[in-house]
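Novice: Everything below, folded, please.
(one chain, ligands or ions: 1)
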Amino acid sequence: MEELRIDTAICSDYERLLKESQRALVNWRERSEEVSRFGLEGKGIGDELQKLQAGYATAYHRLEQHGKTCILCQFTIGFSESEPPGSVFISPRRELPA
Ligand SMILES: [Zn+2]
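Specialist: Numbering: from 1, shown residues only. Below is the predicted model of the structure:
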């Protein structure tokens, strides 16, 4: 199976950072879902979720910074101050278990 291809050349750094942040987001979401599904509680769980969230935040921040500073990305994807890559993502915050 070939991966979906986009005609425009995409910066490989951007691609890597995007994948990293998506993976971090998925890890965090899946764990959050487990926690709410099984009603898991405790400090250990809270710490773990916080760590996963921080991991995502860090990966996302890197991606955002890259989009702001990489000339290739600004050229190919058209990032600018007014249009951060954040629009690509759905904010995970509102999906956290209450
Ligand atoms: Zn780039």
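Novice: so does stretch 48-62 get close to the ion?
Specialist: No. Applying Cβ under 5 Å from the ion, one finds stretch 48-62 separated from the ion by no less than 11.3 Å. To be clear about C-beta, it is placed using only N, CA and C from the backbone, and glycine gets the same treatment.
Novice: how about the helix or strand harbouring residue 47: buried residues?
Specialist: Element membership for residue 47 (DSSP states H and E) is helix 43-69. For helix 43-69, burial by neighbour count (16 or more other Cβ atoms under 10 Å) applies to 49, 52, 53, 55, 56, 59, 60, 63, 64, 66, 67.
Novice: which bits of this protein sit near the ion?
Specialist: For the chain, the contact set with the ion under Cβ under 5 Å from the ion comprises 11, 13, 14, 70, 72, 73.
Novice: Buried subset of those residues, written for ChimeraX?
Specialist: Those of the residues of the chain next to the ion that count as buried under 16+ other Cβ under 10 Å are selected in ChimeraX with:
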select :11,14,70,73
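Novice: In CSV: the residues of the chain next to the ion, plus pLDDT.
Specialist: Shown next, in CSV, are those (pLDDT from 0 to 100):
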residue, pLDDT
11, 88
13, 93
14, 91
70, 90
72, 86
73, 85
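Novice: and the residues of the chain next to the ion, which of them are in helices?
Specialist: With DSSP state H as the criterion, helices contain 13, 14, 72, 73 from among these.
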